[in-house]
Every structure is written in structure tokens, then in C-alpha cells.
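Novice: need coordinates for the below:
(chains A and B)
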Number of protein chains: 2
Amino acid sequence: MELSLTSGKKITCSTDTSILEALKLAGIYLTSSCGGKGTCGKCKVIVKSGRVDSRSKIKLTQDEVGKGYVLACRTFPSEDVLIDIPKESMLVVEGKVVTGKSKDLQALLSSTGAEIKPLTERTVLQLPPPTLDDNISDLERLKRELFSKGMACLRVPFRFMPDLAKTVRKKNWEITLSTIHTDDCDEIIRITSGDKKTPQYGAAIDIGTTTVVVFLIDLSSGELIDVASTYNSQIRFGDDVINRIVHATEHGKLKELSDTVISDINNLLSIIRKNHHIDVETIDCVVAAGNTTMTQMVLGLDPGAIREEPYIPTANAFPLAFAGEIGIKVNPNIPVYAFPCVASYVGGDIVAGVLATQLYKKEELSIFIDIGTNGEIVIGNSEWLVAAACSAGPCFEGSGIKCGMRATEGAIEDVKINRETFEVEIQVIGDADTKPTGICGSGMIDAIAEMFLTGIIDQKGKLQKDVSGRVRAGENGLEFVVYSGEGRDIVLAESDIENIVRAKAAIYAGFSTLLMEVGFTFNDIQKIYIAGGFGKFLDIEKAIMLGMLPELPKEKFEYMGNTSVTGAYLCLLSRKLRSEAEEIAKKMTYLELSVSHSFMNEYVSGLFIPHTNIDAFPGVKKLMTK
Amino acid sequence: MELSLTSGKKITCSTDTSILEALKLAGIYLTSSCGGKGTCGKCKVIVKSGRVDSRSKIKLTQDEVGKGYVLACRTFPSEDVLIDIPKESMLVVEGKVVTGKSKDLQALLSSTGAEIKPLTERTVLQLPPPTLDDNISDLERLKRELFSKGMACLRVPFRFMPDLAKTVRKKNWEITLSTIHTDDCDEIIRITSGDKKTPQYGAAIDIGTTTVVVFLIDLSSGELIDVASTYNSQIRFGDDVINRIVHATEHGKLKELSDTVISDINNLLSIIRKNHHIDVETIDCVVAAGNTTMTQMVLGLDPGAIREEPYIPTANAFPLAFAGEIGIKVNPNIPVYAFPCVASYVGGDIVAGVLATQLYKKEELSIFIDIGTNGEIVIGNSEWLVAAACSAGPCFEGSGIKCGMRATEGAIEDVKINRETFEVEIQVIGDADTKPTGICGSGMIDAIAEMFLTGIIDQKGKLQKDVSGRVRAGENGLEFVVYSGEGRDIVLAESDIENIVRAKAAIYAGFSTLLMEVGFTFNDIQKIYIAGGFGKFLDIEKAIMLGMLPELPKEKFEYMGNTSVTGAYLCLLSRKLRSEAEEIAKKMTYLELSVSHSFMNEYVSGLFIPHTNIDAFPGVKKLMTK
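Specialist: The predicted structure is shown next:
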């Protein structure tokens, strides 16, 4: 039986295999945050011809059903079928760099003053062939040559011994060593015959609770070859880390959870490799940053004790793993460096973020906030670092928002509403003619701030029916039409807005409570670094208007994008920054906000736009009275 | 179909499986130096009843055939069969310690002044359970506890991380760590819950070209639990290392050779374990000593370059291997320490021997000689060490000698011939009523010296027909009947005597040439340490009479038995002696005797008993004239 795509591609399929699975087997990955359980409604495809057995219509509108939309995970072909895959259903927009730019990354690396010294280095050696007068063993010959090059301590794991004699002799005593520097010693991770200095690539990975991002990097130049990202398929076991730990421990399914996220990483790596025709053997190392639970799950470590008092991770600084030990599909001997974590609820992603901001080198007091599924805030300078966590939820990454999506091609990233006509002007990630397929974090913040300013929503975030014609009754209450396209409108429902308001309240409460705890005020802060999956840009003024960020001069804010993967990039390329990351992790102390009464009070006060205490937002107050 | 033994045991068998194989499957191992090719004639069994298909009678006498002897490797049962296994055909005399005694070993260890610090140490830790105030990670908790016990540097391979959280919690935070000290750091090789301090065992192994010996040691006391030894089954690929290298490289059968000797080691270990009811998980480490080629083969390293100019081994100091990497059947994570070698033709067995003699700590000039398949000689003191090799052949280990056997139960180890009656008095290894089943190295030396003194052989080693009635025509020329028993006589054939004379000539030539090269004479030597598989005792006077050893005062000689396994024993138990072994290997220089003209001259002169230059043996000369 055949499944044809409107793109022309043809795939063999059967009545037992869902369209989602059939596409996956053919290397076409659809968005599916619930992992194919038929609950997220993200894997829509349009059946153009042929009979199908469609077992669920959840999350599809009447209109969509009429147009032939089905959920790929719940639909099985009954005969030859022709389908069209809408852009918004594609898991990854292949070959498009939308998070971070190579030049920015290389500039950041060079601004730290660190030279390029990748996690794995390649050294080409021309050994002098042995003679009767110079008859030391092959291993001693190798060590002598390295010693003369300044590599005084070389650790050779036994597994390299069986092939050593053959390898050194194969290309007339020219060899390439891949080594990794640990414990003041260089350890061999690969030996090959001849000159294999380049190409040499590495992967920097952000393992978010909601999103997984992979950067493929040329290790000799630091150039970003490509980016790929996807929802973390573990979402099907729960939106937050707690639910996933419950699943891993109570259901004994740690391996399933680990395999799920490793499979996401493998899919992303494979997509980039195929697009750029990169041989898997040229990938020499992997650096991954994630929160403590995600890090443990990627490494296959039982996270059970993280959830129960006294909340203990297996490790904060992880021994180096090898790809083969955790299932990443590259050469099994290549090292996987997991970013050091601070505590059960402040992970390697935050250490990576602090590394990316370089705030730990400055005298001035700075705040770093990473708005992911959990919001984590760090305050400090070159003397001290204190971290706290506030649960913001995954809405800014598109999860739990009806038309929400990650900041990839087709996402509305910028929204303006005309004060008089209420006409909406949008900007979409992609080329000039890219049609919008959803709305990402920065678009949501813009839209809600604008809706608030124009009176489309009130201070509680409730939609006002009579202000704009774009407010309409949706299938689950009122909704605001951000964009009306052919077949599918992009809306923000009242429940979406409630979600976003709760998230911004948690973030602001985190800021103010942490400051209070360490005895400072917003005015003592010289710089606020913001990280998160909002998209390329974050309109700071709109975020202040929403009451997510404190009202401080705009120049004090710096939006950094995804700093978890940026930090991983830096560590992939610099030995100096790796040791700085380890220092950051040791230096940072964790403050538990949930035991603070102030946090809940602040949170409740933040459920207003911009805030119950409007005097904290004088500029917004002025705008409101206008 | 059933194969019954006269011992009462019954084994299932089939017409497709040789009796040798059927016995092996039932855990009964026969001597089979050719590896079951029907050429060595060692695996004789007696068919008492039942029809068999016996495909070769090679090496069986008419008399034996008449009595029902068959070669087990070439005989297949046609119906239910009852067989008797003669003692001399048993590979290992189970449960009998015949090489070295535990008390001697423990005394030697204590005489070196080294305390017991086994290769693998076990540490029992009671960790303080975590609390909200003491909430460091599991790994940090472990490291903190070890730090407080003085273990400042701990390396934790990633493979221990996935189970760490569970293991520490299982027995209420009590754990046992097995660690190995390398590169000034302790590396974890096993973590278990609860107190598993004892029992803890280790294996010391001598991998000889001809013989493999395994000691099982209690690591807490240094006590020798048991010994097992066997012919190295690689013998079927050739008697000496050169032939085996040819087989490994020209026939591409390195793996076959490695597997063969590893299987010998596994058989021996398994026999000891079963006899003493020792759980495989209580074995924590293995130390193996062998010549450079044997060491490389045990480790699975291609020995090809050892054979070809400029004769290069893959390594002399080997990275630590794990049992699982080379196929030794204990816990795959336990370390296998291969003794450091000096050069292609001076191996770890010699370093182990020098370690056992402790001559490298003394000012006086000593000689150490290890008479195995290859004879290696070391001369030196605390200042310097020079080694050389002379090819003696495996005859003293029983190989290539018609009734030769290793020094195990049943071996004639001492022979006296009455000067008048020519009656032969023998001593046999074992209990008072043990019947002799062959003759071992020390017995051969005794017998030939006595035969020479009594005129049964002449100075060239030729048997004299008319001197003793014990000289008779055998199937392949003249032979001397050492012992006449029921059914099977133990003889020394003229060809056996020629073999032994060639061997002793090579050894004496080695001594004298090496001394000449380093500018000393026999009189400068204070001590001569002799090692080899001769048996419990070596009659030094007889060995001098034979012209194998130089005529020096008897008190200058010390017979040490198998020093390769003794050295392995010392390294298994002492960290200090391990580092001394590494120092010995680095310090020793190798002198190539084959390029010396003197060696060949000396060798030819040595083909007489005791020597062409009879004046070098004034005592023997006096005896001869008597």
C-alpha cells in the first residue's frame, strides 16, 4: 500500500501503521508533543484522496474536519492515500537557522577571551618508524612523540591496544589521535591512520523539559553548521519534571523516558547530518546542558530521589559518559560532557546560561533569568551567585497554547495592534512570503501587551467582546483572532491568555522574592539577562507592560535567546570555559523560594496586568491613563 | 547414549562427539597438548567395555592397544561405553598444591617488607544519609566520605552512575567499594550494597609458552587457596613463540590463539572455584605474567611486529585491561594487570622473576635464570640489570619428552641409580602410595646425571646397550626404563636425552656468553637464582654434573620454582611491589645473544656432558675419574 505526499514523495505503508509512524519510518518527523497519544493535536495532516480509518478528531475544529484534516497519530490508511503535510505540523524546519547565528556565537566566544580548544582535540603525528637502534614499543613511541609536543600525561584505555600495531603501520606511521583532557591528563578516544585532522564536528545540545535543541559545530572554526530543534517527546509522560520522575519511578519506566529523549537527539542529529552530508565519524564530541532531571534522564540515571525530601540528585558533576553508554548514535567511544548542575532544581542549563552571560566575571550586580518550562533566576557577580526557581510553565515555548509553537519558521514573533482600527500587524519568522502557522513566545507577549493597551483585554486578562471584531466565541470560550488565513486562523483563546498571565506572574514573583531574600532592590541591579525560547527577539517594553519584567531602563536588559545551548556551544569549544562552568556550578548556592511566604503573595499580586501594585510600573501607569 | 567412568560418574555422549570433548563438557579435562589433533598422544583412556570408533593409534604402543588404550580425542563411542582415565591423562590433579606452598609465599611477601595492599582494595563505607541541611548529591557524598578516609582522588567511570542512587540506598547507606589505584588516583571497579569486605580473592597467573599456572589467593591474608596448572593449549599451533606468531599473523588466527589460552585460564580458574565453592563475584582482580608474545596474545594484541626486524612489541607497559575486554570469565569489570615487559624477547615473566628474587635491591652481583620454553638470564644488582635469552626448548616442562610431564602428582621428581646394581630408586610427587605416571624436569636432570655417572650414557648422551639391563630397544631406538609398572613403563628414549642435552647446552652457553659480554666471570657472581617448572626441588649437584649449571659452591644457588607466578602473586598483593616491578622493567636492558659468535661456540661445546671444556667442571672431572 502506498502513502503519497503532495510533495511527490511516496512511502510504503500498511493498515496497521499510523500515518505518523509511516512518515517517521521514512524519516519525516511531525510535531507530536504527546508522543502519538492523540492528545496534543499537533500532528495534523490533510487527506487529499483515498480512504483512511481516523480514530480520533480531538483538537480538530469542525472546519478542519471538513477540509480533510486528520491526526496522523490516530489515522491508518485503508488504501492508497494522498496527503498534504501543513508546515506547522513539521517537527523541524530543515536547514533553517532560527535560533542564534553563527557569527553571534563566534563573536561571543571570542569576547570571552578563550581560545578554541574543543572538548575533543585531534592531533596528527608522524612517528619515526622503529629501527634496531630505536626499538621501543609502539605505545612508548606514541607517548614519546606526544611528550615532545608537550602532552606529558597520556591515558590510553585498553580498548585501543588490540588495533594499535596495525593502525600505526597502516599509513606509514602517520596517525591522528582524538583526545580529551580530563584530570590533568589527555585520554585517547580514537586513533586512526593517516591525517584525519579535519573535518571535525561536535554537537552542543540543550535538553529542555519542553524543547530539545541541537547545534552542529565545526570544531576547528567554531562555525555553527546548523540548528535543529523539536519538542521533547517525553512530554507524553507529563509536562513538567515532577510528572516525568513519577512516571520513571512509579511506573519503572526510566529507560523508556531516557530512550525517548535520546531518540529526539538522534533524530535531530541525523537530520542535520543528512542535510549537510556529514559523515558520522567526523563527529567527535557532544556537550549537553539541561536541568538536573533532564540531565539525569539523558544519562539514564534514576531521578527518583530528586522528587522526594531531601531532594538529592545522583550527581551534580557527572563523570564523562561515552556515546555508546547512553545510546547517542555517533561513534560509541566519543565523549558526552553533561553540564555540571547545582542542585536538584538548578541544573546545567542555568550554569550554561550564567556562562553565556559572563556575569560571574563582573563586579556589577546582575540578574540572569531563563524562562523555560521552569523559570530559574540567578543573581550575583564575580563574588557570589544565588539561584532560585519559579515554575512558569511551558507556554512561552508554545506548549499548552492552542496555536502556540516554538520559534521556528512560520511562527508569529511580533504583533502590533492599531490603537484606532484594531487592525493587527504581524511579523513571521522566515522569508518575506512565509505564511504564519502559529505564534511563539515573543509573539504572545507582544499580542497580550497590545491587547491590554488597546483594551481588548482587561487587567485580569479577560477578553472584552465589544472592543474589537476580532474577539469571537471559539469552541472553548472567547478567543482573539491574531491572523486569519486560508482554512486555519491563528487565535489566542482566553484560556491561553490566563496561562500566559500565570506564567508572567510567577516570573515577576521570582524576581522580587529573590531580591528581597538577598537584601537588594531592583535599583541595585545593573543588568538583567533574559534567556528562553521566545524567538529571535523579545520586545522588552512589551514584557514590562505585561508585568513580566520589572520596569527598569531598557538598556539594563539584554535578551540572549537560548543560553543553555549557547553555553553548551562555549564548553564544546573551550577548555577554559569548561572549567569556568565547573567553577560556576560549585560557587552557586540555591535558595528555595517555595518555603518563602513572600513568593505566593507576590505571585497572586502578579496575576494582574501589569501588577496589583501599579506604582511599581510608573511608565505603564502613565500609558494606561493616556 | 552414556559414557560411564570407572569412578562411577556417568556422562551423556553421542557418536559425533569425541570422548575428549564429552569429558570436557562434563568438566573433566584431559591433558591434550596438541589441542585434540591426535598428535601428542597425551589424552589416553582405557576402554573397559562397549564399542568405540577409534580413528588413530598414533603414539600408542602395541601393548597399550592390546590393553584397550585409545586416544580420547580420536575416539567416538558407538554405544554405551565404560572407560577408565589413567591418572597421567588427567589435565589437573584437582585440589593438590604441588608448586609452591602458601607459607613460603606469605613468608616471601613479608620478607620484602611490603604490606598487603592488593591490586583491588575493598572499602566498606557507612555514608551519613542525606538531610535537608546536608543535601549534596550521592556522588559528592561518596567522595566526601572517601576524602575523609584519605582517598583524595576518586575516579568514577560513568558505567557506575546509572545504579548509584539505588545501590547507596539499598542497605541504608552502607556500601562496599572495590577500587584500583592507578595514576595516583583510585578508580572504582565495583560498588555493592552492604558490607562485602570479605571474602575477596585474586588470581595470579603465569602464562608460559608451554604451561599455564593459576594461583587463587585470599587477598586479605595472602593465603594461597589453591593452584591449578595445564599445558598451554596453544601448543597445537607450535611449540615456540615464533611458530605461534606465524600462525597468528600468516593465518590471521590471532583470535583463535588468544581464545585458546584464555580458555585454559578459564578452565583452571573454574576448577579451583568449584573445588573450593568460591563465588565468581568474590574474585576481584587478576595479575598475569608471561613472556612478551604470550602477554600480547592473552591481551589479544597482534604480535606480528615482534617477529620481524626491528622486533617491536605493541607495548611493554600495558594499560590495565578489564576481564570482559579479554574474555576472562569473572565479573567483566575486574582489572587484569599484565606484568610489564622489557623487550620483545624479555617479558613480564622475567620481570616477575627478578621481583621474586629481590636481587635488584642487593649490592652483590647475582644471576637469575628462568628455564622455561625459552631460557632467559638476568645479571645485575641494585645498580644495573642486563637480560639475555637462550632458547632451551620446553623439555623440562615435559613437552617433547616421551614420558615427560609437568611437575604435578604422579611425576617422578628424583632418580637415583645404584652404582653397582644399577637398580633405580625414584621419588614420586604425591602421597606415599602414588604410582608414577611420568617424569618431570628435576627427575630428568637426576636421571641423566646418574646415567652419566654410572656409564649408562656416554659423554655425548648415547645409551650404552651393555651396561644395564634397563637399556632396551624401544619403538624408536634405544630407551632407558626408569620405572616399570603395570601396563606402562616410564622410559627416557635416546631422543629424549638428546633433547635434554641440547637444552642444557643452550642454558650454559647463555650463562657464559652473557657474563663475557658484561665483563665478568662466574667467580664474580655471589648468587644464582634458578626458576623453572622443574618441580618442587632441583638437585643442584646433578644439574652441575649434567653441565647445565656452572660449577660453583652449592650455597650460591637457590632454586625458586615458578617465579613468574610467584612474582604475579607478589604484585597481586602489594602496591609497592607493583611499582618496583615497573621500575625493574624500565631499568633492565636487553642484550641480543644471537648476534654474538661466542654463543654458538659455547653452545656446541656444551653438547658434551658436562662440557667439552672439562676443566670448567673440576669436581665433576674428579668424580668421572673415580
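Novice: show me what the closest residue to residue A:232 other than its chain neighbours is bridged to.
Specialist: Distances taken as CB to CB, 6 or more residues apart in numbering or on different chains put residue A:212 closest to residue A:232, at 5.1 Å, once the chain neighbours are dropped. Just so you know, the C-beta spots here come from the backbone N, C-alpha and C atoms, and that holds for glycine as well. Beta-bridge pairing of residue A:212 under DSSP bridges involves residue A:207, residue A:230.
Novice: how many other residues sit next to residue A:212?
Specialist: 26 (other CB atoms under 10 Å in any protein chain shown).
Novice: just checking, it touches residue A:230?
Specialist: Yes - taking CB atoms under 8 Å as the definition, residue A:212 is a contact partner of residue A:230 at 5.5 Å.
Novice: any common contacting residues for these two?
Specialist: Each of A:264, A:268 lies in contact with both residue A:212 and residue A:230 under the rule CB atoms under 8 Å, 6 or more residues apart in numbering or on different chains.
Novice: and the residue in the stretch 1-150 of chain A that chain B sits nearest to, what does it touch?
Specialist: As assessed by CB to the nearest CB, chain B sits closest to residue A:139 within the stretch 1-150 of chain A, at 3.8 Å. Residue A:139 is in contact with A:156, A:161, A:164, B:314-317, counting by CB under 8 Å, 6+ apart.
Novice: now do residue A:246
Specialist: A:238, A:307.
Novice: what mean pLDDT does the helix or strand encompassing it get?
Specialist: Assigned by DSSP states H and E, residue A:246 belongs to helix A:241-250. Averaging pLDDT along helix A:241-250 gives 89.
Novice: centre of the chain versus that helix, how much separation?
Specialist: Computed by CA atoms, centre = their mean, to the nearest Å, the chain-centroid distance of helix A:241-250 equals 20 Å.
Novice: mind giving me the domain ranges of chain A?
Specialist: A:2-89, A:120-193, A:204-348, A:360-394+A:500-625, A:400-493 (automatic domain parsing).
Novice: what's the end-to-end length of the first one?
Specialist: Which is domain A:2-89. 21 Å (CA to CA, to the nearest Å).
Novice: ok, the second one next?
Specialist: The first and final residues of domain A:120-193 sit 17 Å from each other (CA to CA).
Novice: same thing with the third one?
Specialist: End-to-end span of domain A:204-348 (CA to CA): 13 Å.
Novice: for the stretch 1-150 of chain A, what lies in contact range of chain B?
Specialist: A:130-132, A:134-140 (CB under 8 Å from any CB of the partner chain).
Novice: repeat that for 10 Å
Specialist: Counting by CB under 10 Å from any CB of the partner chain, the stretch 1-150 of chain A comes close to chain B at A:129-143.
Novice: kindly report the same for the stretch 501-626 of chain A.
Specialist: Contacts of the stretch 501-626 of chain A with chain B, taken as CB under 10 Å from any CB, map to A:590, A:592, A:595.
Novice: so residue A:14 makes contact with residue A:53?
Specialist: No - the pair residue A:14 / residue A:53 is not scored as a contact, 11.8 Å apart, by CB atoms under 10 Å.
Novice: still on that earlier bit, then the helix holding residue A:246 to CSV, C-alphas only?
Specialist: Output of helix A:241-250 as CSV, limited to C-alpha atoms (Å, rounded to 0.1, in the frame of the first residue of the first chain):
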residue,chain,number,x,y,z
VAL,A,241,9.8,17.2,35.5
ILE,A,242,7.8,16.1,38.5
ASN,A,243,5.3,14.1,36.4
ARG,A,244,8.2,12.6,34.4
ILE,A,245,10.0,11.5,37.6
VAL,A,246,6.8,9.9,38.8
HIS,A,247,6.5,8.0,35.6
ALA,A,248,10.1,6.9,35.7
THR,A,249,10.0,5.7,39.3
GLU,A,250,6.4,4.7,39.9
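Novice: hey, what's in contact with both of residue A:14 and residue A:53?
Specialist: Residues touching both residue A:14 and residue A:53 (CB atoms under 10 Å, 6 or more residues apart in numbering or on different chains) are A:76-77.
Novice: okay, the domains of chain A, which one's buried deepest?
Specialist: domain A:204-348 (a mean of 22; mean count of other CB atoms under 10 Å in any protein chain shown).
Novice: gap between it and the chain center?
Specialist: Using CA atoms, centre = their mean, the offset of domain A:204-348 from its chain centre is 10 Å.
Novice: one more: stretch A:433-442?
Specialist: 18 Å.
Novice: get me the contact residues on the stretch 301-450 of chain A for chain B.
Specialist: For the stretch 301-450 of chain A, the contact set with chain B under CB under 10 Å from any CB comprises A:301-306, A:309-322, A:325-326, A:335-336, A:338, A:341, A:343-344.
Novice: show me these that map onto strands.
Specialist: A:321-322, A:335-336, A:338 (DSSP state E).
Novice: widest-spaced pair of the residues you listed?
Specialist: A:322 and A:338 (11.9 Å; CB to CB).
Novice: which residue does the stretch 201-350 of chain A have closest to chain B?
Specialist: Closest point on the stretch 201-350 of chain A to chain B, by CB to the nearest CB, is residue A:315, at 3.8 Å.
Novice: any idea how far residue A:233 is from residue A:142?
Specialist: Separation of residue A:233 from residue A:142 (CB to CB, to the nearest Å) stands at 43 Å.
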